[in-house]
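Engineer: Need coordinates for the below:
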Amino acid sequence: MADAASSGELMDTYCRELSVMVWGQPHFVTVNRKSETIYEVVGNYMCKTICVEDQSEDAAIKRWCEAAYKGH
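Structural biologist: The predicted structure is shown next:
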């Protein structure tokens with residue numbers, strides 16, 4: 001019987017917090033790796049929670065910043 005890790009059911013958890021700049025102000029976001037190809041970035045901007053997903057960490061961060069700029 002194979003265990004879950006060897007069968008690919010479990011994945012290393014990846015979660016980190018970082019600061020991004022929007023209109024010259026730092027904002028903290030959390031980056032979560034939801035699957036091998038999906039990254040989620042969550043953070044608050046102007047009292048609203050923004051949550052986006054993309055295929056790479058950099059792309060998801062960029063998408064979060066773009067969403068924050070549009071909300072300004």
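
Engineer: Quick one: the strands in the protein, in order.
Structural biologist: Per DSSP state E, the chain carries strands over the ranges 15-22, 25-35, 38-45, 48-54.

Engineer: okay if I get the ones you listed as a markdown table plus mean pLDDT?
Structural biologist: Below are the strands of the chain laid out as a markdown table (pLDDT from 0 to 100):
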| stretch | mean pLDDT |
| --- | --- |
| strand 15-22 | 96 |
| strand 25-35 | 96 |
| strand 38-45 | 97 |
| strand 48-54 | 97 |
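
Engineer: Turn those into TSV, including distance to Ile61.
Structural biologist: C-beta: built from backbone N, CA, C; applies to glycine. Converted to TSV, the strands of the chain look like this (distance: least, CB to CB, whole Å):
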stretch	distance to Ile61
strand 15-22	6
strand 25-35	7
strand 38-45	6
strand 48-54	8
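
Engineer: Let me know which of those is the nearest to Cys65.
Structural biologist: Nearest to Cys65, of all the strands of the chain, is strand 15-22, at 5.8 Å by CB to CB.

Engineer: Now Ala67. Nearest residue, chain neighbours left out?
Structural biologist: Taking CB to CB, 6 or more residues apart in numbering, and ignoring the residues beside it in sequence, Ala67 has Ile50 as its nearest neighbour in space, at 4.9 Å.

Engineer: That neighbour: how many residues sit nearby?
Structural biologist: 20 (other CB atoms under 10 Å).

Engineer: what's across from it in the sheet?
Structural biologist: Beta-bridge pairing of Ile50, defined through DSSP bridges, involves Gly43.

Engineer: now do Arg16
Structural biologist: Using DSSP bridges, the bridge partners assigned to Arg16 are Val31.
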